[in-house]
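[1] return atomic coordinates for the entry below.
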Amino acid sequence: MEKKSKTNEVLKEICFFTPADLPFDYAPWNRGEAGEQNFLKLQKGSQTAFLFLGEKKLLPAELQKALLSITNQGWEILGELKVEFAQESLDVTREKLLSQDTLRLELGLKLLALVDPEQGAPLSHKINVLREEIARETGLVVPGINIKDNLNLCPEGYRLYFRETLLAQGEVFLGRILVIGNLEQLSAVEGWSAAEPACKMPAKWITEAELEKAQKAGLMAVAPLSVLLTHLNYSLKDSAPALLGLQDLNDMLELFLESHPVVVEEFLEDKAKLRALRKILQNLLAEKISIRDFITILEVVGEQLQHIEKTDLVSELVRLALAKQIIAAHLSNEGSLRGIYLSPQLEEMVLYSLRETTKGLGLSLGKEQIDLLFDGLRPVIETHQPCVLITEPHTRIYWKKILSLRYPGFPVFSTAEITPETRLEVLETVALPKELKADLEKKKSSKKRG
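    The predicted structure follows:
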């Protein structure tokens, strides 16, 4: 950390420090030595600073002159501060170097107003509300977010990190409003062209003077703080599987130890089962399935403990138990499930492409074959959005993996998950591309010979 300013060019040891520097990461004494250092706390208007005096108990004439010069510049002495410190061990240094914030939000200079206590620190409050909303929706308690300034960012920039992995970054302009719409609507207003950071929709940052024009053009207007919070919301939900740490899961289980000891004890006692349970929960979160019904999930997993290492298989069984909940999240405004089906030949293409690997069954489809599958799926999916893909139970997980290559997050259901009371709207059945028919016949023949 750099020295803030020297109070006297002659007295090199006299330095100003702001309150942000305490406790001192930089100090004008040798790191690791033990002793006591003295400071004077000063104030000038709204500014606060600390004047380093060293180990001197009494002020020599030179220091008194320097202090007189400072007070003549309008600084008021509020009191004396003594800092006692012990010799710093190598282990402490290592601990500091290795420590990480689980979630860290870095803000550029012009965004620091969002966390200024004198302006109500609106971002700090809204982030707590956001964490509560995500917990209610997903069942995952998002770790606290440490907000820090980063003057190396552009003044309007922000970055969200999970440990040292960048989850999101963007810019918001506090003096403007983001309006979102199609290109024709956006041409009606003057502003800075941009993309809405969460969904990448066309947008412009406009002044308040342009707001009336934007509303007449049918553009959606969003305040800068809401733009930032929406981006954080999407990014945290997308990263939910990674945010569920092993210790977090252990703590969740301990909350139910008194009320449901039979359900949770086995996972707490066996770390291998705890890790497998975490993977199953991560599979659910990756498909945007809430884990709030925690006890039901644990009961289903508990019935499959002999197969728990097959986490993909157990995850499918948990999905069946949560089918009503999962379907409810994808119903249309009319209360129906809009579904695309696959032809028997398409299902066979995947079924006959399964091969045994060290990690279980895996797909043996080449890039060219996958591209042809997407050529058949793409126009149907894009015509009928929003919709879901409905497959046979034994192929659902593989179709999910295929679709995640081009349509991450696209919902895939198995016919076994469609409950009797579900109003199903069949939109279209996708046929096997003719270019793959010969490949399918070869796979069938190979399977019969094998």
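[2] all contacts plus neighbour counts: C-alpha atoms, from now on.
    Will do.
[3] okay, now Lys216: neighbour count?
    10 (other C-alpha atoms under 10 Å).
[4] from the chain's centre, how far out does stretch 202-220 sit?
    29 Å (C-alpha atoms, centre = their mean, to the nearest Å).
[5] end to end, how far does it reach?
    Distance between the two ends of stretch 202-220: 11 Å, counting by C-alpha to C-alpha, to the nearest Å.
[6] what residues sit buried inside the strand or helix carrying Asp375?
    If you go by DSSP states H and E, Asp375 is part of helix 367-384. Neighbour counts over helix 367-384 (16 or more other C-alpha atoms under 10 Å) mark Gln369, Leu373, Phe374, Leu377, Val380, Ile381 as buried.
[7] repeat for stretch 159-168
    Arg159, Leu160, Tyr161, Phe162, Leu167, Ala168.
[8] please report the distance of the closest residue to the last one other than its chain neighbours from Glu137.
    Taking C-alpha to C-alpha, 6 or more residues apart in numbering, and ignoring the residues beside it in sequence, Ala168 has Leu160 as its nearest neighbour in space, at 5.1 Å. Computed as C-alpha to C-alpha, the Leu160 to Glu137 distance reads 21 Å.
[9] what residues sit buried inside stretch 309-321?
    Buried, per 16+ other C-alpha under 10 Å, within stretch 309-321: Glu309, Thr311, Asp312, Val314, Ser315, Glu316, Leu317, Val318, Arg319, Leu320.
[10] meant to ask about stretch 224-232, not that
    So for stretch 224-232, counting by 16+ other C-alpha under 10 Å, buried means Pro224, Leu225, Val227, Leu228, Leu229, Thr230, His231, Leu232.
[11] Val172 is in contact with the third one, correct?
    Yes. Look at Val227 against Val172 with C-alpha atoms under 8 Å: they come within range, at 7.3 Å.
[12] hmm, back to that, okay, the buried residues of stretch 309-321 in JSON lines with distance to Cys387 next?
    Output for the buried residues of stretch 309-321, formatted as JSON lines (distance: C-alpha to C-alpha, whole Å):
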{"residue": "Glu309", "distance to Cys387": "32"}
{"residue": "Thr311", "distance to Cys387": "27"}
{"residue": "Asp312", "distance to Cys387": "24"}
{"residue": "Val314", "distance to Cys387": "26"}
{"residue": "Ser315", "distance to Cys387": "22"}
{"residue": "Glu316", "distance to Cys387": "20"}
{"residue": "Leu317", "distance to Cys387": "23"}
{"residue": "Val318", "distance to Cys387": "22"}
{"residue": "Arg319", "distance to Cys387": "19"}
{"residue": "Leu320", "distance to Cys387": "20"}
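[13] what's the local residue count around Tyr352?
    Residues near Tyr352, counting by other C-alpha under 10 Å: 19.
[14] make 11 the first number, not 1, from now on.
    New numbering, starting at 11: the last item is Tyr362.
[15] nearest spatial neighbour of it, skipping sequence neighbours?
    Counting by C-alpha to C-alpha, 6+ apart, the residue nearest Tyr362 is Lys453, at 5.9 Å.
[16] what is the three-state secondary structure of Gly84?
    coil (DSSP: H, G, I helix; E, B strand; the rest coil).
[17] again, but for Thr58
    strand.
[18] run a quick neighbour tally on it.
    16.
[19] how far away is it from Leu88?
    Thr58 sits 10 Å away from Leu88, taking C-alpha to C-alpha as the criterion.
[20] same question for Glu218.
    44 Å.
[21] same thing with His394?
    Taking C-alpha to C-alpha, one finds His394 at 70 Å from Leu88.
[22] likewise His270?
    57 Å.
[23] and what of Gly345?
    Applying C-alpha to C-alpha to Gly345 and Leu88 gives a distance of 68 Å.
[24] the helices in the stretch 161-310 of the chain, which residues?
    With DSSP state H, counting those that start in this stretch as the criterion, the stretch 161-310 of the chain has helices at 193-196, 221-226, 234-248, 250-253, 256-265, 271-279, 281-296, 304-313.
[25] how about the secondary structure of the closest residue to Leu442 other than its chain neighbours?
    Of all residues not flanking Leu442 in the chain, Leu356 sits nearest, at 4.9 Å (C-alpha to C-alpha, 6+ apart). Secondary structure state of Leu356, per three-state DSSP, is helix.
[26] out of the buried residues of helix 377-394, who's nearest Leu263?
    The nearest member of the buried residues of helix 377-394 to Leu263, counting by C-alpha to C-alpha, is Ile391 at 39.7 Å.
[27] so after the helix holding Asp385, what's the next helix or strand?
    Using DSSP H and E, the next helix or strand after helix 377-394 towards the C-terminus is strand 398-401.
[28] okay, that next one in CSV with CA atoms only?
    C-alpha atoms of strand 398-401 as CSV (Å, rounded to 0.1, in the frame of the first residue of the first chain):
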residue,chain,number,x,y,z
VAL,A,398,-39.8,-28.5,-23.2
LEU,A,399,-38.3,-31.6,-24.8
ILE,A,400,-40.0,-34.9,-23.8
THR,A,401,-38.0,-38.1,-24.2
